[in-house]
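Novice: for reference, the sequence and a predicted model appear below.
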Amino acid sequence: MPVITMLGAGSGFTAGLMRDIMQIPGFDSGEIRLVDIDPKRLSITEGLIRNLARHLKGDGWKVSGATDRRKCLKGTDYIINCIEVSGMACVRFDNDIPAMYGIDQCIGDTIGPGGIFKALRTVPAWIEILHDVEQYCPRALVLNYTNPMSIMTLAALRNTSAQVVGLCHSVQGSSHEMAHVAEVPYKEMDFRCAGVNHLAWFTELSHKGRNLYPKIFERVRTEPSVYETNPVRFEMMLHFGAFVTESSGHFSEYLPYFRKRPDLIKKYCRDGYRGGSSFYADNWPTWRAESDRRRAELAKDITKMDMNRGYEYASEIIEGHAFNTPKIIYGSVMNNGLISNLLPDNVAEVAVMVNRNGFNPCHFGELPPQMAAICRSHQAVYDLVVRGIMNKDREAIMHAMMLDPLAAAACCPAEIREMTERMAAAEK
């Protein structure tokens, strides 16, 4: 009987992930422990998941909630991390103070000034959690969904013995997009993909042995309706040679090319996830409120929830591990030579085989050099952020901000230092 502990149970991920897990073939019973520091959101989520369990499995699954994680960790087999630290209080600072210095962010929660400050808020709490894992359930598999993904994963793997993988849905989503553009059935498409989270490259896309990139390039060059779905991603594909895994808006923040001048923003960035300025900061409070409303609605009537198993990797990992049925997922892990031309003591996103032995990352080899160079520029930022947090080294954080590609494209070092001090004072 598996025991799953969900940290940050008020997350919008919770209901879908628990639905998927309870539908793993052979899991007729189990235990779900929900943890959230907000008692109200915890109570609503607990009611929702209890109703979901009853709907799917009758009385087979036990559901409980707690505000103290230590009450839940002992005996846990699988931990899913979806915590958020002071996000609502700081999302405007993350966006608006850099904007004063000409740094235009769309999402700003994994990289750039906003992503680095989210790391400063989140990593200390994350490491405390993992030290508890080491004490109470050292054999548990830890599935992290909290951003900034690469920094969170690197901090965990360098500073704890916990078995951690960083999870995202960008590989799944983007590969479906490519099958659509290539006009082939998704299940018949083969691909290779590697890099770092939100900056992993589809170096190969094929269908029954046929390279799909010539058709994709042709459609992007000749069909404006195709190009417009992802202008930044397709622009980078045309110039660098492969499609990347993150939305155009978010991806544009990882690069020095598209957000440093108003004319470039106008030319390449569109609304919403295609590159809208301040998109995340402007909309997140509304999204959060809508998620809370939806959660309360489902707690009253679970039949309004889609019961189809989704494509998040959590249930695949748990199924592969619990039943020793090998599953291939894509996750953030320590590189250790998996991608030979990225930094070894840093994170990479690669294919990972999961079985009873846990996470078994797959060797990729070399990325094309131009793609590896962009990834390495971000690995340098991740390294400095983790060093700065763990060593309480203020200068390391300053240097991370100065090396961030978007910040460096817009500002000189003195401006970045001044901005960082202002953000630190505002978020303290």
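Specialist: Arrived safely.
Novice: so for stretch 167-182, what gets flagged as buried?
Specialist: 167, 168, 170, 171, 172, 174, 175, 177, 178, 179, 181, 182 (16 or more other Cβ atoms under 10 Å). C-beta coordinates here come from the backbone N, C-alpha and C atoms, glycine included.
Novice: out of those, list just those in helices.
Specialist: 170, 171, 172, 174, 175, 177, 178, 179, 181, 182 (DSSP state H).
Novice: can you put the buried residues of stretch 167-182 in CSV and add pLDDT and distance to residue 37?
Specialist: Putting these into CSV (pLDDT from 0 to 100; distance: Cβ to Cβ, whole Å) gives the following:
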residue, pLDDT, distance to residue 37
167, 98, 22
168, 97, 24
170, 96, 28
171, 97, 31
172, 97, 30
174, 98, 33
175, 98, 36
177, 97, 36
178, 98, 40
179, 98, 41
181, 98, 43
182, 98, 45
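Novice: which one of those residues is nearest residue 133?
Specialist: Distance from residue 133 was checked for each of the buried residues of stretch 167-182 by Cβ to Cβ. The minimum falls on residue 167, at 16.3 Å.
Novice: low-confidence ranges, the stretch 51-200 of the chain, go.
Specialist: For the stretch 51-200 of the chain, applying pLDDT under 70 flags no range at all.
Novice: farthest-apart pair in the ones in helices among the buried residues of stretch 167-182, please.
Specialist: Using Cβ to Cβ, the pair of those lying farthest apart is 170 and 182, separated by 18.0 Å.
Novice: could I get the buried residue list for stretch 411-428?
Specialist: By neighbour count, with 16+ other Cβ under 10 Å as the criterion, the buried positions of stretch 411-428 are 411, 415, 416, 417, 419, 420, 423, 427.
Novice: what about the closest residue to residue 346 other than its chain neighbours, helix or strand, and which?
Specialist: Of all residues not flanking residue 346 in the chain, residue 379 sits nearest, at 4.3 Å (Cβ to Cβ, 6 or more residues apart in numbering). Applying DSSP states H and E as the criterion places residue 379 in helix 369-390.
Novice: report the distance from that helix to the chain centre.
Specialist: In terms of Cα atoms, centre = their mean, to the nearest Å, the gap separating the centre of helix 369-390 from the centre of its chain is 16 Å.
Novice: got it, and stretch 312-322?
Specialist: Average the C-alpha atoms of stretch 312-322, do the same for its chain, and the two points are 17 Å apart (Cα atoms, centre = their mean).
Novice: contacts made by it with the rest, please.
Specialist: Contacts to stretch 312-322, defined as Cβ atoms under 8 Å, 6 or more residues apart in numbering, come from residues 2, 4, 13, 16-17, 20-21, 23-27, 77-78, 80, 141, 143, 145, 165, 167, 169, 172, 309, 325-327, 329-331, 354-356, 358.
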